[in-house]
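Trainee: sequence below, structure please.
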Amino acid sequence: MLTQLSVKHFALIDKLNLELHDGMTCITGETGAGKSMMIGALELVLGLRSPDIIKSTDNRVEITAAFDVNQQHDVKQYLQAQQLDQDNDCVIRRSFDKHNRSRCFINDTPTTLQKVRQLGRMLLTVHGQHQHQLLFDRDYQRRLLDAFAGHQPLNEQIANTYRQWRDIEAEIDALQSTQQNGDNQIDFLRYQLEELETLNLNITDQLEKEHHQLAHAEELVKNGQAVINDLNDDQPSLLDRLHHHCQALEKFTHLDKRIANTLQLLNEASVQIQEANNELKDFLSEIEINPQRLSDLEHQLSRLHDIANKHRVTVEELPTLVEKLKSELDAIEHYDEKRQVLTQTQQKIARHYQKQADALHQSREKAAIQLSKQVTANMHKLAMPHATFHIEFNTHEKFTAHGQDKINFLVSINPGQKPQPLDKIVSGGELSRISLAIQVITAKKYVIPTLIFDEVDVGIGGPTADIVGALLKELAKNSQILTITHLGQIAGKSQQHLKVNKAQTANGTRITIDYLEGEQRTEELARMIGGIKISEQARQHAKEMLTAVS
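Mentor: Model (predicted):
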C-alpha cells in the first residue's frame, strides 16, 4: 500500500509530504481547489501519465512515492528479479528538469521508465481517469474473471501444457532450420567433427599440466640444486653445523628444562632438514629437461587454441561443441524419423491442451454469468437502474499460456442500448461507479494494493451516496482506498480525511493539503452537507456521521 507521497515544485504544489494509512482515505476541498493534483502526481511518478502536464518551471520537479509491499508477493518477486529489492519497502522517485526530461529510481537505483510502469500497475490503479484505467486492459479483465472463478489450478495446468507444446514447436523449428542446407551441411559438419576428433580433446588437461612442468623444468632444477648445495656442500655444511650445536647444548640440559626444550626443537629441525634434502634430491632426479617434447606440446596446445578461436569457444568448451555437432549431424541424417517423433508428441500435447482449454472456456462462461449478475446488481444500487454488465468471449484457435479466450467487459447504461466496451463509456462518474461495482465483487480474489476513485460521486446523492460510501468502506477491507469526493456521506465513512486548500501567496497560487481530525473534520463535513453557511443542524449531522463510522 501507499505509505508516503512527497512532491516538490509540481504544478501549484510547492512542497508536499503526506503520510497515508490503510483503509479508506477521502480527499475533499472546494471546487477547483486542485483535488486531482495529488492523483496526477501519483500517476506521474508511476509513469502512468505523460509529463506534458508539467508547466514550464525553472525548479526541478521531484515526486517520490513509498509503498509497503510486505504482503505483495508478486511485487517482491518482481523487485528481486530486477535486483531492486530492499526489505519490505518500495520507493519510486522520478524527477524532471525544465525541459521535462526525467530520471527514474526504484529504491535509489536508477532504472527505466518501462520498469517503473510495470511496477506501478502492480501497486496502484486509478478509476475515473479514462486514459489510465487498468480495467480497460483485456488481460486484466481475464485475470479478474479467472480470480472470481477460482481458476488458478486450471490456469497452472494449461500454462504448463502450453510450455510443453511450445518447447516441442521450438525443437521442430530448429530441426527444420538445420535441415534446410541438406547435403552441404552434412559434409561441413563431418569435416568439423573430423578436425576436432583428431585433437584428442580428452587429454587437454594432461597436456596443459605436462607443458607447465616442462616449461619450468630448467628453472626448477637450477633453484632446487642451489638448495641442495647450501645444505650439503659448504664446509662445514648446514647440517654439520646444526649437529655440532646440538652436541654443545646437550651437556647443559640438566641446568634448565628450557635448554632441553630448545635442544629437542633443534634435533627435530635437523631431522626435517635431512628429510627435505633427501626428498628434493629424489624429485630433481626425476625431472626431465626435454626441449623437443616442450616444442611438441606448445604446437599441440597452439592448435587447440586456434581451433577454439575458430569456433568462438574456449578450449574447455571444445568437448561440448563436439557433442553439439554430433547432435546436429544426427538430426540431419535422421531428419524424417526425428520430425515424425516430434510431430506425434506435439499432436498428443495439442490434444491434451485443447481439452484443458475447452474445460477452462466452459468454466469461464459459467463464472461470467454469475459475475455479470452480481456486477449488474451493484450498478443498480449505484444509481444506474437500467445498466447491465456483460462479458463477451471471442475464442480463437491460437494456443496461449492462458487458453484460447479473449475476454471483453461490456456495459449497457440505458434501455435498448447496445453493450459497449468500458473504454467507450463517456461519463467519468459512471465509469468510476462501474469500476467500483466490479472491484467490490472481485477484490477478495484479486487484490490491487491501492485503488483510487475519482469522480465516483458525480451525478449521485442521497441514498445512493450512502451506498457508494458503504461499498468503498467494504472495499477498503482488502485494499487501500483513496477517493476524491464532494459528498459528505462518502467522506464521513473514511478513516483518514485530507482537505485540499488553494491560496494566493506572494509567489502566486499555491495548493496545500491538511489532515483533518476532530472539530476540523466536523466543520468540513458540515460544509459539504450544508454549503457555505454552516448550520448547527449540519454540524450535528456531521457529528452523527462520524460517530457512526467510529
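Trainee: for the stretch 151-300 of the chain, what spans make up the helices?
Mentor: Listed in chain order, the helices found in the stretch 151-300 of the chain under DSSP state H, counting those that start in this stretch are 152-179, 182-197, 204-215, 217-232, 238-250, 257-286, 291-310.
Trainee: next one: the stretch 301-450 of the chain
Mentor: 318-333, 335-381, 428-442.
Trainee: and those helices, which is most packed in?
Mentor: For the helices of the stretch 301-450 of the chain, the largest average neighbour count (mean count of other Cβ atoms under 10 Å) is found in helix 428-442, namely a mean of 23. Just so you know, the C-beta spots here come from the backbone N, C-alpha and C atoms, and that holds for glycine as well.
Trainee: now do the helix or strand just after that one: everything it contacts.
Mentor: On the C-terminal side of helix 428-442, the closest following helix or strand by DSSP states H and E is strand 450-454. For strand 450-454, contacts defined as Cβ atoms under 8 Å, 6 or more residues apart in numbering pick out 1-2, 36, 39, 42, 67, 123-129, 428, 432, 435-436, 439, 472, 475, 479-484.
Trainee: out of the helices and strands in the protein, which is least certain?
Mentor: helix 204-215 (a mean of 61; mean pLDDT, DSSP states H and E).
Trainee: of all the helices of the stretch 151-300 of the chain, which lies closest to Ala491?
Mentor: In terms of Cβ to Cβ, the element of those nearest to Ala491 is helix 152-179, at 37.1 Å.
Trainee: return the set of buried residues in that closest one.
Mentor: 154-155, 157-158, 161-162, 164-165, 168, 171-172, 175, 178 (16 or more other Cβ atoms under 10 Å).
Trainee: could you list every helix and strand in contact with it?
Mentor: When contacts are defined as 3 or more Cβ pairs under 8 Å, 6 or more residues apart in numbering; DSSP states H and E, helix 152-179 sits against helix 318-333, helix 335-381.
Trainee: give me the most central residue, this protein.
Mentor: By Cα atoms, centre = their mean, the chain has its centre lying nearest to Tyr78, at 1.9 Å.
Trainee: can you tell me which residues contact His73?
Mentor: For His73, no contacting residues are found, by Cβ under 8 Å, 6+ apart.
Trainee: show the pLDDT at it.
Mentor: Model confidence at His73, given as pLDDT, is 86.
Trainee: please report how far Ala33 lies from Ala383.
Mentor: 25 Å (Cβ to Cβ, to the nearest Å).
Trainee: repeat for Glu519
Mentor: For Glu519 relative to Ala383 (Cβ to Cβ), the value is 32 Å.
Trainee: of these two, who's got more company?
Mentor: Ala383 (20 against 10; other Cβ atoms under 10 Å).
Trainee: where's the residue nearest to that one when sequence neighbours are not counted, which helix or strand?
Mentor: Spatial nearest neighbour of Ala383, excluding adjacent residues (Cβ to Cβ, 6 or more residues apart in numbering): Thr464 at 4.2 Å. Following DSSP H and E, the helix or strand that holds Thr464 is helix 462-475.
Trainee: show me what that helix is packed up against.
Mentor: strand 24-29, helix 335-381, helix 428-442, strand 480-484, helix 488-491.
Trainee: how does it look with 6 Å?
Mentor: helix 428-442, strand 480-484, helix 488-491 (3 or more Cβ pairs under 6 Å, 6 or more residues apart in numbering; DSSP states H and E).
Trainee: closest one to Thr547 among these?
Mentor: helix 488-491 (13.7 Å).
Trainee: the helix or strand just after the closest one pairs with which strands, and in what direction?
Mentor: Moving toward the C-terminus from helix 488-491, the next helix or strand (DSSP H and E) is strand 496-505. Strand 496-505 sits in its sheet next to strand 24-29 (parallel), strand 508-515 (antiparallel), going by DSSP bridges.
Trainee: of those, which is nearest Lys326?
Mentor: Closest to Lys326 of the strands paired with strand 496-505 is strand 24-29 (Cβ to Cβ; 66.2 Å).
Trainee: report the mean confidence score over the closest one.
Mentor: Mean predicted confidence for strand 24-29 is 92.
Trainee: what of stretch 457-477?
Mentor: pLDDT averaged over stretch 457-477 gives 87.
Trainee: what lies in contact with it?
Mentor: 23-24, 381, 383, 429, 436, 439-440, 443, 481, 483, 485-487, 489-490, 493 (Cβ atoms under 6 Å, 6 or more residues apart in numbering).
Trainee: quick one: low-confidence parts of the stretch 351-500 of the chain?
Mentor: For the stretch 351-500 of the chain, residues meeting the criterion pLDDT under 70 lie at 426.
Trainee: can you count the residues close to Met384?
Mentor: So Met384, with other Cβ under 10 Å, has 24 neighbours.
Trainee: phi first, then psi, for it.
Mentor: Dihedral angles of Met384 (phi, psi; degrees, to the nearest 10) stand at phi -130, psi 70.
Trainee: contacts for whatever helix or strand Thr64 lives in, please.
Mentor: With elements taken from DSSP H and E, the one containing Thr64 is strand 61-68. By Cβ under 6 Å, 6+ apart, the residues outside strand 61-68 that reach it are 1-10, 41, 44-45, 54, 90-96, 123.
Trainee: nothing else from me, thank you.
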